[in-house]
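1. Quick one, fold the following:
(2 chains)
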There are 2 protein chains.
Amino acid sequence: MELQQLQDLMERTYGRRDRERGMTAGVAWLTEEVGELAQSLRKGNRETQAHEFADVLAWTASLANQAGVDLTEAMHRYREGCPACGAIPCHCE
Amino acid sequence: MELQQLQDLMERTYGRRDRERGMTAGVAWLTEEVGELAQSLRKGNRETQAHEFADVLAWTASLANQAGVDLTEAMHRYREGCPACGAIPCHCE
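-> Modelled structure (predicted):
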C-alpha cells in the first residue's frame, strides 16, 4: 500500500467525520492508539500488535489529511539517509 | 512510497541501532514525536508539520520492524471499510 493510498482510504472512510470533529480530537485519538500500541508491544501478540499499528497509521493519515500534508513528500526527509547525519546506516552517536 | 519501502528504509537506516536500544526505547521516542506533532498541529506551519509526520511514521515503522509486523498486512484491517461498521464511508455513530 502506498502512503498516498493510505491517505485516500482514510479520506474516503473517515474524512468528513474526522474534519467535523477537528484536529484536536484527532490528536486525542492518535494518542489513545499510541497508548494501545505501547500496551500491545509490552504484553500483546503479533495479531493485536498489527491491529494497533494499523490504528496508529490510520489516525496519522487522517491528521495528515486534515493538515493538508502529503506523507509521501514528508518522507523525503529520510530518503537520502538519516536527516541528522545524512548516512545510511545512521552514524549519529 | 510503499509501506514496505518505508519499513525497508528504516531498517537500513536505523535497524541495528534501534534493536540495540529495544522496543521500550522506541515507544518512548514515538511518544516524544507524537507530542512534537501535536504541538506543530497547534502552532506550527505546513513545513514543521510535515517534518513531525515523517518522524512519527519513521518511529512507527521502526517499531513494526522490531515487532516483526508487516504494516501492509496490518492495513488490511481497513481495506474493506471501517473495521467497526464495515462501510465506506464509516457509518458508526
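2. make it CA atoms for all contacts and neighbour counts henceforth
-> Fine.
3. So which residues of chain A form helices?
-> Counting by DSSP state H, chain A has helices at residues A:3-21, A:23-43, A:46-67, A:71-74, A:76-79.
4. To chain B, which of those lies closest?
-> Comparing the helices of chain A against chain B with C-alpha to the nearest C-alpha, the closest turns out to be helix A:3-21 (4.1 Å).
5. in that closest one, what counts as buried?
-> Residues of helix A:3-21 classed as buried by neighbour count (16 or more other C-alpha atoms under 10 Å in any protein chain shown): A:3-4, A:6-11, A:13-15, A:18-19.
6. Next, format the helices of chain A as CSV and append mean pLDDT and distance to chain B.
-> Below are the helices of chain A laid out as CSV (pLDDT from 0 to 100; distance: least, C-alpha to the nearest C-alpha, whole Å):
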stretch, mean pLDDT, distance to chain B
helix A:3-21, 97, 4
helix A:23-43, 98, 6
helix A:46-67, 98, 5
helix A:71-74, 98, 5
helix A:76-79, 94, 7
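7. Might one say that A:L3 is in contact with A:E73?
-> No. Contact status for A:L3 versus A:E73: not in contact, 9.7 Å apart, counting by C-alpha atoms under 8 Å.
8. what's the overlap in contacts for these two?
-> Common neighbours of A:L3 and A:E73 (criterion: C-alpha atoms under 8 Å, 6 or more residues apart in numbering or on different chains): none identified.
9. Can you check the pLDDT for the residue lying farthest from the centre of chain A?
-> Here chain A reaches farthest from its C-alpha mean at A:E93, the gap being 26.2 Å by C-alpha atoms, centre = their mean. Per-residue pLDDT puts A:E93 at 77.
10. Okay, it and B:D8: tell me how far apart.
-> To B:D8, A:E93 is 22 Å away according to C-alpha to C-alpha, to the nearest Å.
11. And A:E32, by the same measure?
-> A:E32 is 27 Å from B:D8, by C-alpha to C-alpha.
12. about what we covered before: check contacts around the residue farthest from the centre of chain A.
-> So A:E93 contacts nothing (C-alpha under 8 Å, 6+ apart).
13. How about A:G35?
-> Contacts for A:G35 (C-alpha under 8 Å, 6+ apart) come out as none.
14. ok, now which ones touch A:V56?
-> Per C-alpha under 8 Å, 6+ apart, neighbours of A:V56: A:30, A:33-34, A:37.
15. With neighbour count added, can I get those in TSV?
-> Below are these laid out as TSV (neighbours: other C-alpha atoms under 10 Å in any protein chain shown):
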residue	neighbour count
A:L30	22
A:E33	21
A:V34	23
A:L37	24
